[in-house]
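Trainee: How does the following fold in three dimensions:
(chains A and B)
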Amino acid sequence: MGNNNILEAKNINKYFREPVMFHVLKDINFRIKSGEFVSIMGKSGCGKSTLLYILSTMDTDYGGELFFDGEKLTGKPHEELAQIRNQRIGFVFQFHYLLSEFTVLENVMLPAKKLGLKSPEEIQHDAMEKLKLLHIEEQANKLASRISGGQKQRVAIARALINDPAIIMGDEPTGNLDSHNANNVLRIFRDLVEEKKLSLLVVTHDSDFAANTDRIIEMGDGHIIKQ
Amino acid sequence: MINWRVILSISKTHLLSRVKQTAIAALGVTFGIGTFIILVSFMTGLNGLLDGLILDRTPHVHIYNEIKPSEKQPIDLYDKIKNSFGVVHSVKPKFAQTKIHDALPLIGRLNDNAIVKGAIPQMKAQIFYISGSIELGGNLVGIDVLEEVRLFNFGQYVVKGSPEALNTTDNGILIGAGVAEKMSLDVGNTVQISTVGGALFPLKIVGIYQSGLADIDNIQSFANLKTVQRILGRPQNYITDINVKLFDIEQAVPLAQRIEKQFQLTAVDIKTANAQFETGTAIRNLITYAVSITLLIVAGFGIYNILNMLIYEKMNDIAILKATGFSGRDVKYIFISQAILIGVIGGILGLAIGLGLSILIDNLPFETQALPTVKTYPVNFNPMYYVIGITFAMVSTFLAGYLPARKAQKMDPVEIIRGQ
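Mentor: Numbers count the residues shown, from 1 in each chain, chains lettered A, B, ... in the order given. Reported below is the predicted structural model:
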C-alpha cells in the first residue's frame, strides 16, 4: 500500500443547528497514510468526536469533501456508505457497544455475516482466530452481557477486525478502562499496526496513550491546532 | 444485497431473548384470530341453519289461483265514458275455481324445463279434526310425499314415524304435532276428520309433523294427494298448488313472471316471499365482520405497542448494527420480520384454537322445540374463513410492525451514540 492516503479530509465544516446555530468544525484538512497510527486529542467539546463520526461515514451532514483510499465518499447514498463501513472500516466505541443478547462469538461474526462473502463455517473460524489474537477465545460462547468491561472492549476490537478492514477508528476506546486494561488495548493496537499494517485513528483524552501513537492531531475550538 | 439469513437470525434472537413479551404479542393475535374464527364459523353456521329452515322448505316458485276481484271491471270496457271517472261500489271477487286449470300438463312442462329441479302438485283442503264432540279446525294438504322429501327436506320435519310410511298407507296421515298433543294422539292411532261438507273419514296416523312454527303445527296435517282428492270427492287432476324448486334460486323471479303472464295464475317467487329474511342475514353477517375486525385491530395495536417499546429498548443495538455496516433497510427488515413472525405464530395458533373451539361448539347439545331436527349448535367449517383469518393476521401485524420499523430505519446512530 506504500504511502497512499487511506483517509483524506478536505475543508470539512460542520454546523449544529439545534438548539442554536453553532459552528463545530472549521475547515478541517488532514491526511492519514496507510499503516499510520494517529490519535486525535483535544478538550471536551472541541469537536473531535464529531469529526470522527464524519470520518466514519455515519454522519453525512457536513460541508467539504471526504476521500477514502482515493475514493470520494461525500454525497454517496446511505446504502453504499453502510457497505463501506461494513467492509473497510472497523469501529471501537468508548462504551464497547456489544449486542447483549448475543454471544461473544455471534457479536464478532455479525459484520462478516452481513458482508456475506464467506460461508458460515469460515466466518466462525475467522471469528475464533480474531478472539484468539485478543486472548479471549475462552469467552466465545458466553453472552456479551456476562463478561467484564476489559473483555468487552477486546471483543469490540475483534469485531472491528473481522472483515479485515483498511482502517480502525476508535472513539475513546480506553476511556472507560483502568490503566492495566488500557495498556492492554494500546499494545493490541500497536501489534495490529506493526503486524497487519492497519491504519488506526483514535480519539482520546489519555495523553499517555496518545504519546505511544505515530502522530498526534491536536484540536481546539473546531480547528486543528497541530498535526 | 439483503442477507435474509442474518436478518432472520437477529430477529429470532431478539424474539427468543424476550419470550414473555413475544408470547404476549403473539397471544394478542391468537386471541383476535381465534375469536374471529369462532364468531364467523358460529354465526354463519347459525345463518345457514336459519336460511336452510326457510329456503329448504319454501318453494322457489309457488303457483296457485288467487281469489281476487277482476282487475278490469265491466265499466272499464265501456268506451263512451273513457275520459271520465268511474266508481264501482261493493266489488266482489271474481268467481273462479280454486283448482289450477290443466295442472297436470303444466307440471309436465315445468319438469321438462332444464332449470327446474322439480315441480310437484299439492291440494289444500279445509277440514275439522273430530275428537268426541269437539271439532278442531285445520288444513289437510295432499302431497306426493316422496317428491316432497326429495325437494323440500320434508323428512326433517317428521319427528315421529316416517314419511315413507305415508306412501305405503293409503289412508295414512302425518298429523301436526300441536294437533296430536291437543287430542292426545300418537303414531298408530286413528283420527276422524270431517270435510267442510260434513263427510267423516277415519285416517291412520303414520307420523307426527313438527315444523317448529306453532301456528302451523296446531292446524296442519299431510296426507297423500289421492287420499285428499278422494275425501273431497275431486278427480285426480284437481290440484290447487304447484311448488317448484329450481337448481339456481336466482332464476325464481323471471320464471314466476313468465308463468303469471303465460298461464294467468298467481306465481310467487321466494325472493318476494322472504325479502325481510335476506336483510336479516346480511345484517348478521355485517355484525360478525365488524366485531371480528375490531378484535384484530385491537391485536394490531398491541403488536404496535410492543414493537415500539422494543425499538426504544434496542436503540443501542440499532446504533451498533448501523455502525458495523447494516443499512437502514436491513434494520427495518429486522423489526418487520419480528412483527411478521409474531403474526404467523400467533395467527396459526389462533386458527388452531378457533378450530378446536368450533369443534367443541359443534358438539354442544342444542335442543329446542322450534328446531326439532337440530341436536347441536350449528358451525360452518368453511376453509375460506381460515384463509381470511391468517391473511388478516399477517397484514395487520405487518402494518403494526411497519411504522416502528421505519422509525428504526431512520434513527441516526450518531445521535444514539452521542446521547450516551
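Trainee: And what about whatever residue of chain B ends up closest to chain A, helix, strand or coil?
Mentor: Here the residue of chain B nearest chain A is B:Gly325; by C-beta to the nearest C-beta that distance is 2.2 Å. Every residue, glycine included, has its C-beta placed from N, CA and C. Of the three states, B:Gly325 takes coil under DSSP: H, G, I helix; E, B strand; the rest coil.
Trainee: which residues does it contact?
Mentor: A:82-87, A:111, A:114-115 (C-beta atoms under 8 Å, 6 or more residues apart in numbering or on different chains).
Trainee: For chain A, identify the residue most remote from the centre.
Mentor: No residue in chain A has its C-alpha farther from the mean C-alpha position than A:Val20, which lies at 29.4 Å (C-alpha atoms, centre = their mean).
Trainee: mind checking how far the residue of chain B closest to chain A is from A:Glu122?
Mentor: B:Gly325 sits 18 Å away from A:Glu122, going by C-beta to C-beta, to the nearest Å.
Trainee: circling back: what sits closest to the residue of chain B closest to chain A if chain neighbours are left out?
Mentor: Distance criterion C-beta to C-beta, 6 or more residues apart in numbering or on different chains; nearest residue to B:Gly325, sequence neighbours excluded, is A:Asn86 at 2.2 Å.
Trainee: Verify the contact between B:Ala408 and B:Lys332 for me.
Mentor: Yes. Counting by C-beta atoms under 8 Å, B:Ala408 touches B:Lys332, with 6.3 Å between them.
Trainee: what about those two, which has more around it?
Mentor: B:Ala408 (25 against 20; other C-beta atoms under 10 Å in any protein chain shown).
Trainee: Next, the contact list for that one, please.
Mentor: Listed by C-beta under 8 Å, 6+ apart, the contact partners of B:Ala408 are B:311, B:314, B:318, B:331-332, B:334-335.
Trainee: gap between B:Pro69 and B:Lys92?
Mentor: From B:Pro69 over to B:Lys92 (counting by C-beta to C-beta), the distance is 7 Å.
Trainee: Could you export stretch A:82-94 as CSV, CA atoms only?
Mentor: What follows is stretch A:82-94, C-alpha atoms only, in CSV (Å, rounded to 0.1, in the frame of the first residue of the first chain):
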residue,chain,number,x,y,z
ALA,A,82,-23.1,1.2,5.1
GLN,A,83,-21.4,-1.2,2.7
ILE,A,84,-18.1,0.6,3.0
ARG,A,85,-18.4,0.8,6.8
ASN,A,86,-19.1,-2.9,6.9
GLN,A,87,-16.2,-3.9,4.7
ARG,A,88,-13.4,-1.3,5.1
ILE,A,89,-13.8,0.4,8.5
GLY,A,90,-13.7,-1.1,11.9
PHE,A,91,-15.2,0.8,14.8
VAL,A,92,-14.4,0.6,18.5
PHE,A,93,-16.5,2.8,20.9
GLN,A,94,-15.9,4.1,24.4
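Trainee: where's it relative to the chain centroid, distance-wise?
Mentor: 7 Å (C-alpha atoms, centre = their mean, to the nearest Å).
Trainee: any idea of the pLDDT on residue 123?
Mentor: Just so you know, I chose chain A. For A:Ile123, the pLDDT comes out at 87.
Trainee: try chain B instead
Mentor: 91.
Trainee: And B:Val40, by the same measure?
Mentor: 85.
Trainee: can you check B:Thr373 too?
Mentor: B:Thr373 is given a pLDDT of 67.
Trainee: B:Pro69 and B:Lys92: who's more crowded?
Mentor: Neighbours per residue, other C-beta under 10 Å: of B:Pro69 and B:Lys92, the larger number sits with B:Pro69, 11 against 7.
Trainee: how would you label the more buried one: helix, strand or coil?
Mentor: Strictly by three-state DSSP, B:Pro69 counts as coil.
Trainee: start to end distance for stretch B:235-243?
Mentor: End-to-end span of stretch B:235-243 (C-alpha to C-alpha, to the nearest Å): 20 Å.
Trainee: Report the rounded mean pLDDT for that stretch.
Mentor: Per-residue pLDDT values over stretch B:235-243 give a mean of 90.
Trainee: same question, stretch B:214-232
Mentor: 90.
Trainee: on that earlier part again, how about the residue nearest to B:Gly325, what does it touch?
Mentor: The contact partners of A:Asn86, by C-beta under 8 Å, 6+ apart, come to A:111, A:114-115, A:163, B:324-326.
Trainee: and these, which are buried?
Mentor: For those, a burial check counting by 16 or more other C-beta atoms under 10 Å in any protein chain shown picks out A:111, A:114-115, A:163, B:324-326.
Trainee: from the residues you listed, which is closest to B:Val268?
Mentor: Nearest to B:Val268 among those, counting by C-beta to C-beta, is B:Phe326 at 71.3 Å.
Trainee: Which residues in stretch B:299-316 does the neighbour count mark as buried?
Mentor: Under 16+ other C-beta under 10 Å, the buried positions of stretch B:299-316 are B:299-300, B:302-304, B:306-308, B:310-311, B:314-316.
Trainee: possible to save those as a markdown table with secondary structure and distance to B:Lys124?
Mentor: Shown next, in a markdown table, are the buried residues of stretch B:299-316 (DSSP: H, G, I helix; E, B strand; the rest coil; distance: C-beta to C-beta, whole Å):
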| residue | secondary structure | distance to B:Lys124 |
| --- | --- | --- |
| B:Ala299 | helix | 56 |
| B:Gly300 | helix | 58 |
| B:Gly302 | helix | 61 |
| B:Ile303 | helix | 62 |
| B:Tyr304 | helix | 64 |
| B:Ile306 | helix | 67 |
| B:Leu307 | helix | 68 |
| B:Asn308 | helix | 70 |
| B:Leu310 | helix | 72 |
| B:Ile311 | helix | 74 |
| B:Lys314 | coil | 78 |
| B:Met315 | helix | 81 |
| B:Asn316 | helix | 84 |
